[in-house]
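Sequence plus the predicted model coming up.
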Amino acid sequence: MYLAVINVLALDNYKLLLTFENGEKKIFDVSPYLEIGKFSELKNSEIFRSVRVHFDSVEWSNRLDLDPELLYAKGIRV
């Protein structure tokens, strides 16, 4: 079982501030993924800042998304 993302905020340096359904907040660094396929599109700050909650995870305007389990496991607790 995984925790759903209920809020996301794009921060500087390709980081996301995530709030999960249990109230926990974590920062997830997207920068290690920016050289992988379609993730390179997130280097465009307009696209990166378009991030929003979609169902139980996050999605950008280019339809790219990330698994909520990855976000929770690799996120750093605030």
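Cool, got the structure. Numbering: from 1, shown residues only.

Hmm, Leu66 and Asp56 touching each other?
No - checked against CB atoms under 8 Å, the pair Asp56 and Leu66 is beyond contact range at 11.1 Å. For the C-beta atoms, the positions are set from N, CA and C on the backbone; glycine is no exception.

who's more crowded, those two?
Between Asp56 and Leu66, counting by other CB atoms under 10 Å, Leu66 is the more crowded of the two (20 against 14).

ok, now how distant is that one from Leu16?
Per CB to CB, to the nearest Å, Leu66 is found 9 Å from Leu16.

list residues touching both of the two?
Common neighbours of Leu66 and Leu16, counting by CB atoms under 8 Å, 6 or more residues apart in numbering, are Phe28, Val58.

Count residues in the vicinity of Asp12, would you?
The burial count assigned to Asp12 is 6, neighbours taken as other CB under 10 Å.

With Ile6 instead?
Ile6 has 13 neighbours, counted by other CB under 10 Å.

My reading is that it lies in a strand. Confirm?
Yes - judged by DSSP: H, G, I helix; E, B strand; the rest coil, Ile6 forms part of a strand.

what's the longest helix seen in the chain in contact with?
Ordering each helix of the chain by length in residues (DSSP state H) puts helix 68-74 first. By CB under 8 Å, 6+ apart, the list of residues contacting helix 68-74 from outside reads 2-5, 16, 18, 20, 26, 28-29, 56-58.
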